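1. need a 3D model of the following:
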Amino acid sequence: MNVTDFHERMTDFIKDVVKEELLPVRPSKSDPNPSPKAADVHMNRLPDSKSWQSKAPYILVQVRGWKDYQNEGQRPKAACTVRLIFCLYCENETEGTMYVENLMQRVRERILRYPIIGSQYKLILEEGMEAVPYDGDTAPYYGGEMESVWEIPTIRMESRPWLDNVAYPLNPSYSG
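-> Sure thing, here's the model as predicted:
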């Protein structure tokens, strides 16, 4: 159970959430009237970020960082921050804004309804879950992002009694 496992499970979770939401696709020379499709979901980045416009609709699942901590008198805990970046295409500016809001709302609702992924990763709602549709003149592309914090399994500390009298890491200049 590590951050990479959580990242993969979160990506699969998001794929499942959006698989039935059909969204507009940018016309191309080879397909001037493309059929709507579900957003592609990628870990971290697009496979080819230079072609981001032709890849819409998509969602990027990014791990922003993680931390281990222990409050006094409590067991150690670990948390991971995840950012979802949404990118959609739509020629109609009003509809484009609504598509991105609806897709973000669908993901938000599913996370709040099922705040545990894989039985060991739990949403920490006390940290808040923020969703921000991007504003500005970006037509015909629309985007937004969501950020949430998840509890992940801690790494259990182990004692090594055979090393109690040894400086760690082993240091040749140690004269203890």
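2. mind checking pLDDT for Thr97?
-> Looking at Thr97, its pLDDT is 92.
3. now it, nearest residue through space, not along the chain?
-> Closest residue to Thr97 in three dimensions, ignoring its sequence neighbours and counting by CB to CB, 6 or more residues apart in numbering: Tyr142, at 6.0 Å. The C-beta positions use only the backbone N, C-alpha and C, and glycine is treated the same way.
4. distance of the one you found relative to Ser54?
-> Distance, Tyr142 to Ser54, using CB to CB, to the nearest Å: 15 Å.
5. about what we covered before: now do the same contact list for the residue nearest to Thr97.
-> Cys87, Leu88, Tyr89, Cys90, Gly96, Thr97, Tyr99, Val100, Pro133, Tyr134 (CB atoms under 8 Å, 6 or more residues apart in numbering).
6. among those, which lie within helices?
-> Gly96, Thr97, Tyr99, Val100 (DSSP state H).
7. give me the neighbour count for the last one.
-> I take that to be Val100. 22 (other CB atoms under 10 Å).
8. which residues touch it?
-> Phe86, Leu88, Pro133, Tyr134, Tyr142, Gly143, Gly144.
9. specify the beta-bridge partners of the fifth one.
-> Residues found in beta-bridge contact with Tyr142 (criterion: DSSP bridges) are Leu88.
10. surely Val107 forms part of a helix?
-> Yes: membership of Val107 in a helix is supported by DSSP: H, G, I helix; E, B strand; the rest coil.
11. keeping just the C-alphas, turn the helix-or-strand element of the chain with minimal mean pLDDT into PDB.
-> Counting by mean pLDDT, DSSP states H and E, the chain has its least confident helix or strand at helix 52-55, which shows a mean of 86. What follows is helix 52-55, C-alpha atoms only, in PDB (Å, rounded to 0.1, in the frame of the first residue of the first chain):
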ATOM      1  CA  TRP A  52      -3.500  18.800 -25.500                       C
ATOM      2  CA  GLN A  53      -6.200  20.400 -27.600                       C
ATOM      3  CA  SER A  54      -6.800  17.300 -29.700                       C
ATOM      4  CA  LYS A  55      -6.900  15.100 -26.600                       C
END
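12. which strands or helices does that helix pack on?
-> strand 77-89 (3 or more CB pairs under 8 Å, 6 or more residues apart in numbering; DSSP states H and E).
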